[in-house]
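Undergrad: Below are the sequence and a predicted model for it; my questions follow.
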2 protein chains.
Amino acid sequence: MPRAIFPAPDHDHERCTSTAIAHAEARCAARAQRLTPLRRQVLETLLASHNPLGAYEIIERMADKNGRPAPITVYRALDFLRDNGLVHRIESRNAFVACVHNHSGDDLVVFLICERCGAVGEGPGGAVAEALKASARAAGFSPKSPLIEIVGICSHCRQR
Amino acid sequence: MPRAIFPAPDHDHERCTSTAIAHAEARCAARAQRLTPLRRQVLETLLASHNPLGAYEIIERMADKNGRPAPITVYRALDFLRDNGLVHRIESRNAFVACVHNHSGDDLVVFLICERCGAVGEGPGGAVAEALKASARAAGFSPKSPLIEIVGICSHCRQR
DNA sequence: CGCTTCTTGCTGCAGTGCAACATGAAACTG
DNA sequence: CAGTTTCATGTTGCACTGCAGCAAGAAGCG
């Protein structure tokens, strides 16, 4: 069965997190990039939420007895994670979310943002991508990375 | 001939501006909304640029001997203009651009953003919109307003 | 070991966006 | 037309976002 776009509220989060971390390790290793403790911690924070978090929200959640990381530190980690396709930025919210798919670099991703619970699902955009790129080229435009965000109500919230 | 998606650098800007203002007046009148001098001034500032402007950039350009408007003032005018479909917000840039089309409320608009000159073209998204909404619904998601921004190189920049 | 490169920490700042409250202007109403 | 309501603008203040520029440490390499 395909992965549900919106994880059920009662899904096995333990497992879903460790899978994502393992994938991150693998990808970094493959690219000779270093998934340092700090970067891993940022990623784990995002994974623990499944919802997009603002940078300062991440800082908040990372705070512990050793104090809290400086904003720039978190932004740098986020840059790294984004460069390696492990984290997405939700532009319309100035927030970040851990990527739970395995898309390579420039794949088109459609974000479905639930305005009720704030959850973000990543839908595949294959078909749409082609239509989009075609119509962009028709306008004499050479497209690079399309960005699609859709606000609405997710299936779980709808059921209530 | 259909309106070019990217206005040519040498287009009749005088005329294109006055058309847009006239349209704004008509729309506000039709909706019993007030296009006050301040709101009109913000709209004119955006029209004068044809490129997206940040809020503080707008303030800068509106500054005159009477001083400059406070940020909140401009944001409120922008909210008004957006509510009435006269201005769009480019999420990926935290910037605003005057709308040069006549779409009604919830139409899907595709923004083509030139990374070289910063110009933003509004392409129609009809076909894409349907595909998008269909695939969102397939995920059990009830979509509202899709947002699409594509970065690339516009036709005028490409020719150089 | 010494060099280079990458990562992290620190200070500081510019831009973004709005809440809360006060004032002023316009429209409505009896 | 005075009184009320509604909307627009002004003012203060603040929280969040994002990064530049420099300094110090850690990791990899010949």
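TA: Cool, the structure landed.
Undergrad: in chain A, which spans are helices?
TA: A:13-30, A:37-49, A:55-62, A:71-83, A:126-138, A:155-158 (DSSP state H).
Undergrad: For residue A:13, list the residues it contacts.
TA: By Cβ atoms under 8 Å, 6 or more residues apart in numbering or on different chains, residue A:13 lies in contact with A:7, A:50. Glycine gets a C-beta too; all of them are placed from N, C-alpha and C.
Undergrad: how about the top strand by length along chain A: buried residues?
TA: In chain A, with assignment by DSSP state E, the single longest strand is strand A:142-153. Within strand A:142-153, the residues scored as buried using 16 or more other Cβ atoms under 10 Å in any protein chain shown are A:142-143, A:146-153.
Undergrad: Report whether it contacts chain B.
TA: Yes. Strand A:142-153 lies within reach of chain B by Cβ under 8 Å from any Cβ of the partner chain, at A:142-153.
Undergrad: Within the sheet, what are the partner strands of that strand, with directions?
TA: strand A:109-114 (parallel), strand B:142-153 (antiparallel) (DSSP bridges).
Undergrad: Go through those and name the closest to DNA strand C.
TA: strand B:142-153 (13.6 Å; Cβ to the nearest atom of the strand).
Undergrad: ok, and what's touching that closest one?
TA: Contacts of strand B:142-153 (Cβ under 8 Å, 6+ apart): A:91-92, A:112, A:115, A:132, A:136, A:141-153, A:158, B:90-92, B:106, B:108-116, B:125, B:128-129, B:132-133, B:136-137.
Undergrad: Could you check the pLDDT of the residue in chain A that DNA strand C sits nearest to?
TA: Residue of chain A nearest DNA strand C, by Cβ to the nearest atom of the strand: residue A:36 (3.1 Å). For residue A:36, the pLDDT comes out at 95.
Undergrad: ok, so what distance separates it from DNA strand D?
TA: 8 Å (Cβ to the nearest atom of the strand, to the nearest Å).
Undergrad: quick one: is stretch A:16-25 near DNA strand D?
TA: No. Applying Cβ under 7 Å from any atom of the strand, one finds stretch A:16-25 separated from DNA strand D by no less than 13.6 Å.
Undergrad: follow-up on the earlier one: I only care about the contacts of strand B:142-153 that end up buried; give me the ChimeraX line for that.
TA: Of those, the buried ones go into a single ChimeraX selection, burial set by 16+ other Cβ under 10 Å:
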select /A:91,92,112,132,136,141,142,143,146,147,148,149,150,151,152,153 /B:90,91,92,108,109,110,111,112,113,114,125,128,129,132,133,136
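Undergrad: Can you give me the neighbour number for the closest residue in space to residue A:24 that isn't next to it in sequence?
TA: Nearest residue to residue A:24 in three dimensions, chain neighbours excluded: residue A:86, at 5.1 Å (Cβ to Cβ, 6 or more residues apart in numbering or on different chains). Using other Cβ atoms under 10 Å in any protein chain shown, residue A:86 is surrounded by 25 other residues.
Undergrad: From residue A:6, how far out is residue A:86?
TA: 20 Å (Cβ to Cβ, to the nearest Å).
Undergrad: returning to that earlier point: out of the strands paired with strand A:142-153, nearest to residue B:26?
TA: Among the strands paired with strand A:142-153, strand B:142-153 comes nearest to residue B:26, with 23.4 Å by Cβ to Cβ.
Undergrad: And chain A, what are its domain boundaries?
TA: A:11-100, A:103-160 (automatic domain parsing).
Undergrad: Could you tell me the least trusted of those?
TA: Across the domains of chain A, domain A:103-160 gives the lowest mean pLDDT, at a mean of 84.
Undergrad: How far off centre is that domain?
TA: How far domain A:103-160 lies from its chain's middle: 13 Å, per Cα atoms, centre = their mean, to the nearest Å.
Undergrad: Over to stretch A:16-23?
TA: With Cα atoms, centre = their mean as the basis, stretch A:16-23 stands 13 Å off its chain's centre.
Undergrad: So for it, what gets flagged as buried?
TA: Buried-residue list, stretch A:16-23, by 16+ other Cβ under 10 Å: A:17, A:20-21.
Undergrad: if we take these, which one ends up nearest to residue A:101?
TA: Out of the buried residues of stretch A:16-23, the member with the shortest distance to residue A:101 (by Cβ to Cβ) is residue A:20, at 9.8 Å.
Undergrad: which non-adjacent residue is nearest the closest one?
TA: Nearest to residue A:20 is residue A:47, by Cβ to Cβ, 6+ apart, at 5.4 Å.
Undergrad: Many thanks, we can stop here.
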